[in-house]
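In: okay, predicted coordinates and the sequence, questions at the end:
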Amino acid sequence: MSLQFQNDCGDSVKLAITEELQNLLSSNTNVLQHAEKRIKQLQYTEGYGVYLSEIIMNQSHELPLRLIAIIMLTRYVENHWVEISESGFKNDKAIGGIASEQAKRTIRNILPNGLYDPNSKIRSSVAHTISTIAATDYPQGWAELFDIIVKCLGGNEDSIHGAMQVLQDLPYDVEQIKDMGPVVIPEVYRIFDSEQNYSIKTRVSAIRILKPLFSSISALITDKQEQGTMMNSILTNFMDKLMHYLSMNSGVGSNFLLRAEIIKVFTYLVSEMPKYVNPFMNRILPIIWQLLTQIADTYVKVTVNQTEPSPFPSGENEDDDEQTNFQTMIIQILEFINCIVTCGKLRGNIKNVLTDLIYIMIVYIQLCEEQLEDWQDDPDKYVDDEDDGGAELTVRMCGRDVLLAINDEFGVKAIQPLQEALGRHFSVAEAEKAAGNVHWWKIQEACMDAVHGFRDIILDGNSKFDLLNYLTIVRNLLVHQESPHLVGRALWTLSTYSKSDLYNPQMLSEILDATLCSLSPDKSHILRISAVRALHEFLQANETVEGEKRTLLVSKLGGFLDGIMALVPGCKATVLALLMEALTVMVKFDEDFAYAAHSKVTPLAIAVFLKYAEDPYVLENVQDLIKALCQRKQCLGPLQEKFIPTIVSILALQGGQTTEKQDIALDVLTTIVKYTEPPLSSVLIDSAFPAMINCVLHTDDHAVMVSGGECLRSFINVSPEQICNYKDGEGINHVMQLTTVLLNPMNSEMTAGQIGRLVITIITKMGNMLGPNIDMLLKAVISKMQLVECLKVIMSLVVIFAHLFLTQMDAVLNFLSTVPGPTGEPATQFVLNNWLSRQTCFFGAYERKVTTLALCKLFEYGMTTQDSRLTSITYKELIDEPIGEGRRTRSTAAASQKWVTIPALVKIFKVLISEYQHFQEGKCEAALTDSEDDVTEEEESGTGGVSKPRYISDLIFDADEDNDEDDHQLQELLKESNYQGDMAENLQKFLINFRQSEHFPILYEHLNASEQLILTKLQQK
């Protein structure tokens, strides 16, 4: 260690750091919080990172202390190592606290010693920290790291493991791949193949390098010939050995852990780089198939039925536990097969063995004894596992995925192999039952589970599947009441095919009676829950059917209601949500039943709401039930009469009485109001409305404010006149008060997360009644925009002006040009700068389309009229200047950028080009399948022309209840803008037409090369 850090002051700092690290391990909250504050202060001392490194290396310290020191050091490196972050921006966390070059050098000298530490947790954690440093320092600032890694690879098993961890975490670039590959790969091969010299665990760590290595080669080596040469040289050496150890039985040289890791490598190659693994498939597949079939018997006896004890040794940690590794290997094999099925280049390898493949998959999806015991103890877990697959990745789940993939990729061609596999299994099951095997039913249950994945093809009627014979077999299983899981699966299976013409009234009646009988209190919980699931499917499958079938189903609903109500007591959240879902379908199915049942259903909905108000899943189902009741006119009055007083009483709570349920109560009130036809009842307008306003105006809970805004929007949407006329005009004051609260700059910015929808609703529904309040409202929107950073909130505020530009162009331009922005310039400058800098980041289909349409109209208006209110607005843009040859680092990237000022209309044009590319890519991604796949006509027809969401945020917004309302508003705006529904085509025509404009050459000069290329390609179309 450098002498500069070795002084009395340094020793005291080191002692203080050690003490606070110990306190960070305390279970006492006060001690922990104080330690966190002290550590934040200490990290600005010169030797902080060095002292942490020394503590980590000191093996006399307790392991927890050393591990917390590594966490703190990694955090220090992430926040105090460089001034420029990975994204190229200044690292705000590092202000005043960048580590000195001497400290960095000392830390880099100390840390590699940790790769030799005898404790694997220390090695792994140190390796991660080294990789974090290497992301910025290697190779320029830490050239010796490569030699350190190579030295570790030639050391003992501890250092090899440490080096492998660094190599796994290291963020490679092209040069590093080319420099390190030729040296590291032979070392990895040597270690993997040295079964006499190294333990299996060390050899596994060597195998784990291959996947990130292949991934880096695939991403970074763009020259296909160079990539192919590199990959083929690696695979030529490795593949023989990988297959050799995969086919070897467990022992000194191989075990389940090693084989699972080998299969992971194969799986990655199949899914991401199939052309390189294709030449080896005729050798890999027989090994995989032999392994899968050989271990099936052991899996069934040891795991599924537990008729034999496990022959596999257990270990202290996960890697040493061969029973766990056994199942992990099976899961990995199934994922490998799944990738084969879904890969167009490789799928042909299995098309001739579909019968055997489906047969073995059914073996592996049998229910395990351990899972049955878990379900018996916890019915909620049964519902979770069967409806959603559960949180844990299991063999059953992976086997199901393979069967679903076979259905997706082979379609009708898989039906004959499916029938042959079923026939073999049914024969085996009958033989097992005759022999007295108590587990005979499991293969029958697995068969029904498997067939369900092919249900849509079977119901189409073109598959030649013998559905009548299959349903007869399933019906005959209903007599085996000693096996509730079998009977439950049979009921659910029969319900899913109930819309088939094969179901005559007598057959349907018998099955419904069997389902109703299974709801009896004397039956097991599992069977009763299965009966509820079956009822749900019966009603959903026949929701549009008329005649005798519907009459029969309606006649049974009363009995099912009694059975469900009897099941409610003692149920926990997940099962209760399932019951709510079933009741919702029942209410929707028949209006007369809904009215007859509301006296039981409404109190239950209230009780569940009060008990599970903090459970979003249960609450969602409660709200669906309330919505269904609201849509039955006869039920609406009684529902409001019983539910509204409960909601009002919750909203009236203040101070210490306030519970977390107020925002939930507002959400439920929103649902009731939203699905109520005007005029609003007196209980809503005279009781619920003022209670809602009063609650929001007197709360400091941001969630309550947001829910209150949505609730107000539902009131205005349904009956704006009643709200305006409330107490001779007080309604407008209430609307303005509540909206002002949501837009208050002093409140959390998230209170305005949905403000755009509310303000637009106020303006469109109440605009003529607001008078000068509109200006006040828009000024409040601008004030809120000044302090907002969250993209979702900015987007919500921008959408307001986008909507106004589309509907009231001159009025909103006049308003923005006369109202000053935060720095004195017209508010137009402020609004457009906030908007244009973020447009390409906006999400949500409605929001993105509306803002893009508004920019089109704004640009067209500005270029046509040359209105000074727009032409005078400018925009500051950060552009890249060309840099010389050499590696592009954070510092060079930042130095090559400069700010330029351009007209806002130019920026709008540039943004519209980007938006065209965004929408065009969305169309292409929806239309294209993997370019390497052999696309069939059946696959193409399966897309249905539905555009898939491109981002997670699009999925969130697609699930929004306001989608129908958004679609309606969007269509209205499209009409006003003279555009059609396809945004990519709209923008294409818009941009092509503008090329003919006299202003085009001036704007073209401002475009960068990529923007010019987009326009050139667009013109060529």
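Out: The structure has been received and is ready for your questions. Numbering: from 1, shown residues only.

In: what about the helices in the stretch 801-950 of the chain?
Out: 809-818, 827-836, 845-865, 868-871, 890-895, 904-927, 937-941 (DSSP state H, counting those that start in this stretch).

In: for residue 242, find the nearest of those helices.
Out: The stretch from the helices of the stretch 801-950 of the chain with the least distance to residue 242 (Cβ to Cβ) is helix 937-941; that distance is 31.8 Å. Where you see a C-beta, it was placed from the backbone N, CA and C, and this is true even at glycine.

In: skipping adjacent residues, who's closest to residue 24 in space?
Out: Once flanking residues are discounted, residue 24 sits nearest to residue 35: 4.8 Å by Cβ to Cβ, 6 or more residues apart in numbering.

In: name the element that neighbour belongs to?
Out: helix 29-42 (DSSP states H and E).

In: pull out the buried positions in that helix.
Out: Buried residues in helix 29-42, counting neighbours by 16 or more other Cβ atoms under 10 Å, are found at 35, 38-39, 42.

In: repeat for stretch 283-295
Out: Neighbour counts over stretch 283-295 (16+ other Cβ under 10 Å) mark 284-285, 287-289, 291-292, 295 as buried.

In: in this structure, where is pLDDT below threshold?
Out: Within the chain, the stretches with pLDDT under 70 are 1-10, 84-96, 318, 388-391, 655-660, 880-896, 925-981, 1021.

In: domain-wise, how is it divided?
Out: Structural domains assigned to the chain are 1-83+97-171, 351-465, 484-631, 639-788, 815-883+893-927+952-1020, following the TED database.

In: among these, which is nearest residue 202?
Out: domain 1-83+97-171 (4.7 Å).

In: re the thing from before, and the gap between the residue nearest to residue 24 and residue 29?
Out: Plainly put, residue 35 is 11 Å away from residue 29 if you go by Cβ to Cβ, to the nearest Å.

In: and what of residue 323?
Out: 39 Å.

In: sorry, back to before: any chance of TSV for the helices of the stretch 801-950 of the chain, columns mean neighbour count and distance to residue 999?
Out: Shown next, in TSV, are the helices of the stretch 801-950 of the chain (neighbours: other Cβ atoms under 10 Å; distance: least, Cβ to Cβ, whole Å):
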stretch	mean neighbour count	distance to residue 999
helix 809-818	16	19
helix 827-836	21	18
helix 845-865	21	5
helix 868-871	16	11
helix 890-895	14	34
helix 904-927	19	9
helix 937-941	11	42
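
In: which one of these lies nearest to residue 537?
Out: helix 937-941 (26.0 Å).

In: could the helices of the stretch 801-950 of the chain go into a markdown table alongside distance to residue 14?
Out: A markdown table is the format used below for the helices of the stretch 801-950 of the chain (distance: least, Cβ to Cβ, whole Å):
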| stretch | distance to residue 14 |
| --- | --- |
| helix 809-818 | 59 |
| helix 827-836 | 48 |
| helix 845-865 | 53 |
| helix 868-871 | 63 |
| helix 890-895 | 31 |
| helix 904-927 | 53 |
| helix 937-941 | 64 |
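
In: so what's the closest residue to residue 999 other than its chain neighbours up against?
Out: Closest residue to residue 999 apart from its sequence neighbours, by Cβ to Cβ, 6+ apart: residue 863 at 5.3 Å. Going by Cβ atoms under 8 Å, 6 or more residues apart in numbering, residue 863 touches 905, 994, 997, 999.

In: got the contact list for the second one?
Out: The contact partners of residue 994, taken as Cβ under 8 Å, 6+ apart, are 863, 909, 1000.

In: go on, the first one?
Out: Neighbour list for residue 905: 859, 862-863, 870-871, 873, 1003 [criterion: Cβ under 8 Å, 6+ apart].

In: same check, this time on the third one
Out: Under the criterion of Cβ under 8 Å, 6+ apart, the neighbours of residue 997 are residue 863.

In: does it sit in a helix, a strand or a coil?
Out: Put simply, residue 997 is coil when judged by DSSP: H, G, I helix; E, B strand; the rest coil.

In: quick one on the thing from earlier: ok, now how distant is the residue nearest to residue 24 from residue 70?
Out: 16 Å.

In: over to residue 352?
Out: 53 Å.

In: kindly indicate whether residue 254 is helix, strand or coil.
Out: Quick answer, by three-state DSSP: residue 254 is coil.

In: quick one: neighbours of it, just the number.
Out: Residue 254 sits with 19 neighbouring residues when counted by other Cβ atoms under 10 Å.

In: do residue 142 as well
Out: The tally of other residues near residue 142 (other Cβ under 10 Å) stands at 17.

In: that one touches residue 133, doesn't it?
Out: Yes: the criterion here is Cβ atoms under 8 Å, and residue 142 meets it with residue 133 at 7.0 Å.

In: could I get the phi/psi values of residue 209?
Out: Main-chain dihedrals, residue 209, degrees, to the nearest 10: phi -70, psi -30.

In: residues contacting it?
Out: Here residue 209 is in contact with 164, 167-168, 184, 188 (Cβ under 8 Å, 6+ apart).

In: and those, which is closest to residue 749?
Out: residue 168 (39.3 Å).

In: so which strand or helix has the closest one?
Out: Assigned by DSSP H and E, residue 168 falls in helix 157-169.

In: would you map the strands across the protein?
Out: 874-880, 897-903 (DSSP state E).

In: out of the ones you listed, which gets nearest to residue 667?
Out: Nearest of the strands of the chain (Cβ to Cβ): strand 874-880, 39.9 Å.

In: picking up where we left off before, now for the contacts of residue 905: which two are most distant?
Out: Between any two of the contacts of residue 905, the greatest separation by Cβ to Cβ is 14.8 Å, found for 873 and 1003.

In: more neighbours, those two?
Out: Neighbours per residue (other Cβ under 10 Å) separate residue 873 from residue 1003, with residue 873 holding more: 24 against 19.
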